[in-house]
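Colleague: Prediction below, plus the sequence it came from.
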Amino acid sequence: MLTEHDKLRTFLSETREDLNLVVNKIMPELVSEKVLSEDLYEATKSAWKDLQGRFDEVSKKLDQVRIEELQVYGLSGLQLDFKIEAFHFLRRKFIEKLFIKKHRRRFMRRLLKAIDSILGSLSILIPYLHPITEFKDTLDSILP
């Protein structure tokens with residue numbers, strides 16, 4: 001059975017994959033459609049590349065967080081299971097709709113909100129996570 005720490009580590013890995021998909025698959029299409037500027041896309045790619053090592057560090061720092069601290073922020077037991085299940089449900093929907101532009105953006109937005117529900121709490125416990133959270137928030141704000 002997976003521990004809370006294992007579940008959160010998996011969540012961080014999947015979040016990294018999802019954000020990578022947005023940056024490297026969806027954003028280039030938005031640039032080609034003239035919805036986003038090339039300069040904004042280049043700045044986004046550079047910022048994203050800069051964050052890659054931070055994911056690994058956050059995963060290591062997660063081991064220092066006690067279960068009691070996770071409980072305070074709803075990141076354990078049934079509360080965490082609910083949030084992870086919602087994230088996985090929206091993640092599956094987003095991937096299913098990835099090639100259907102009409103629906104993709106709606107599910108992408110919902111997925112980013114589900115990511116935020118866990119990242120927001122986790123970044124309180126691991127401040128080193130803040131730049132990733134802020135990147136996700138900025139990404140969400142610039143996407144149509």
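Modeller: Structure received. Numbers count the residues shown, from 1 in each chain.

Colleague: packing partners for whichever strand or helix holds Q71?
Modeller: Taking DSSP states H and E as the definition, Q71 sits inside helix 67-72. On a contact count with 3 or more C-beta pairs under 8 Å, 6 or more residues apart in numbering; DSSP states H and E, helix 67-72 meets helix 4-21. (Glycine included, C-beta is placed from N, CA and C.)

Colleague: so how far is the helix or strand following the helix it packs on from its chain's centroid?
Modeller: Going down the chain from helix 4-21, the next helix or strand is helix 27-32, by DSSP H and E. Taking C-alpha atoms, centre = their mean, to the nearest Å, the mean C-alpha location of helix 27-32 is offset from the chain mean by 20 Å.

Colleague: Remind me what helix 27-32 packs against, helices and strands.
Modeller: Looks like helix 27-32 contacts helix 38-62 (3+ C-beta pairs under 8 Å, 6+ apart).

Colleague: what about the helix holding Q71, distance to the chain center?
Modeller: Using C-alpha atoms, centre = their mean, the offset of helix 67-72 from its chain centre is 21 Å.

Colleague: got a list of contacts for that helix?
Modeller: Helix 67-72 is touched from outside by 4, 8, 76-77, 80, 125, with contacts defined as C-beta atoms under 8 Å, 6 or more residues apart in numbering.

Colleague: ok, now with 6 Å
Modeller: 4, 76, 125 (C-beta atoms under 6 Å, 6 or more residues apart in numbering).

Colleague: burial measure for R91, as a count.
Modeller: 20 (other C-beta atoms under 10 Å).

Colleague: Output whatever helix or strand it lives in as CSV - backbone C-alpha positions only.
Modeller: Assigning secondary structure by DSSP H and E places R91 in helix 77-96. Output in CSV follows, covering the C-alpha atoms of helix 77-96 (Å, rounded to 0.1, in the frame of the first residue of the first chain):
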residue,chain,number,x,y,z
GLY,A,77,-6.0,9.7,4.5
LEU,A,78,-9.4,10.1,2.9
GLN,A,79,-8.8,13.8,2.1
LEU,A,80,-5.7,13.1,0.1
ASP,A,81,-7.4,10.1,-1.6
PHE,A,82,-10.3,12.3,-2.7
LYS,A,83,-8.0,15.0,-4.1
ILE,A,84,-5.8,12.4,-5.9
GLU,A,85,-8.8,10.7,-7.4
ALA,A,86,-10.2,14.0,-8.6
PHE,A,87,-6.8,14.8,-10.1
HIS,A,88,-6.6,11.4,-11.9
PHE,A,89,-10.2,11.7,-13.2
LEU,A,90,-9.5,15.1,-14.7
ARG,A,91,-6.1,14.0,-15.9
ARG,A,92,-7.7,11.1,-17.8
LYS,A,93,-10.3,13.5,-19.3
PHE,A,94,-7.6,16.0,-20.4
ILE,A,95,-5.5,13.3,-22.1
GLU,A,96,-8.6,11.9,-23.8
